[in-house]
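In: no sequence for this one, just the structure:
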């Protein structure tokens, strides 16, 4: 039987030494905790918040993230497509997600704010109404990605091929046009 833990705060704990106990966590706060290279597989997080945490390269296979907020956290190399996709819902604020993967996921209204998304793989993902607010997307991979009504108006360093991804009603700023048209090697003047 899996334990149910609610409304608990975990502060400054190094879970690389001792694994977070397998449980269903509801409305819990994880503050300055280290999960890097650790095991979060098979966990259930509902309405939880991770602030100033390091989750880089953690195993998140079969983990449930429902209404989870990640803030000011380092989350490099995570494979979100291995998570439990049922009711998957999370937001990212000022997070380092470099080299993470969202391959094949359907994430309607997904929000990334002030994030580093360098080398993130969005191949075959469906991201309708996604918002990439002030995100650095250098070397992010968009291939066969559905971006209907996605908002890139403040994102930068992205490279999206309009011929291989669906961009119907997606928003871009004038400053973002060179990034959108990079493959054509055009010289665009201000």
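Out: The structure has been received and is ready for your questions. Just so you know, these numbers come straight off a predicted model, no measurement behind them. Numbering: from 1, shown residues only.
In: which stretches of this protein form helices?
Out: 177-180 (DSSP state H).
In: Got the domain ranges for it?
Out: 1-15+22-94, 97-190 (automatic domain parsing).
In: Please convert these to TSV, extending it with mean neighbour count and mean pLDDT.
Out: C-betas here are computed from N, CA, C, even on glycine. Putting the domains of the chain into TSV (neighbours: other Cβ atoms under 10 Å; pLDDT from 0 to 100) gives the following:
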stretch	mean neighbour count	mean pLDDT
domain 1-15+22-94	18	96
domain 97-190	17	92
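In: what's the longest strand seen in the chain in contact with?
Out: Counting by DSSP state E, the longest strand found in the chain is strand 84-93. Under the criterion Cβ atoms under 8 Å, 6 or more residues apart in numbering, residues 62-72, 75, 105-107, 110-115 lie in contact with strand 84-93.
In: just stretch 154-168 next, same as before
Out: 118, 132-140, 142-150, 152, 173, 175-176, 179-180, 182-183.
In: please redo it, this time with the cut-off set to 7 Å
Out: With Cβ atoms under 7 Å, 6 or more residues apart in numbering as the test, stretch 154-168 has contacts from 132-138, 140, 142-148, 152, 173, 176, 179-180, 182-183.
In: so where do the strands sit in this structure?
Out: So, for the chain - with DSSP E - the strands run 3-6, 9-11, 23-26, 29-31, 44-46, 49-51, 64-71, 84-93, 111-113, 131-133.
In: Tabulate these (a markdown table), appending distance to residue 167.
Out: Putting the strands of the chain into a markdown table (distance: least, Cβ to Cβ, whole Å) gives the following:
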| stretch | distance to residue 167 |
| --- | --- |
| strand 3-6 | 41 |
| strand 9-11 | 41 |
| strand 23-26 | 37 |
| strand 29-31 | 36 |
| strand 44-46 | 32 |
| strand 49-51 | 31 |
| strand 64-71 | 26 |
| strand 84-93 | 22 |
| strand 111-113 | 17 |
| strand 131-133 | 13 |
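In: Which one of those lies nearest to residue 17?
Out: strand 9-11 (13.7 Å; Cβ to Cβ).
In: Show me what that closest one pairs with in its sheet, parallel or antiparallel.
Out: Partners of strand 9-11 in the sheet, by DSSP bridges, are strand 29-31 (parallel).
In: Tell me who's in contact with residue 122.
Out: Residue 122 is in contact with 102, 140-142, 145, counting by Cβ under 7 Å, 6+ apart.
In: Going by distance to residue 81, which of these wins?
Out: Using Cβ to Cβ, the contacts of residue 122 come closest to residue 81 at residue 102, 6.5 Å.
In: So that closest one sits against residue 125, correct?
Out: Yes. Using Cβ atoms under 7 Å as the test, residue 102 is close enough to residue 125 to be in contact (5.2 Å).
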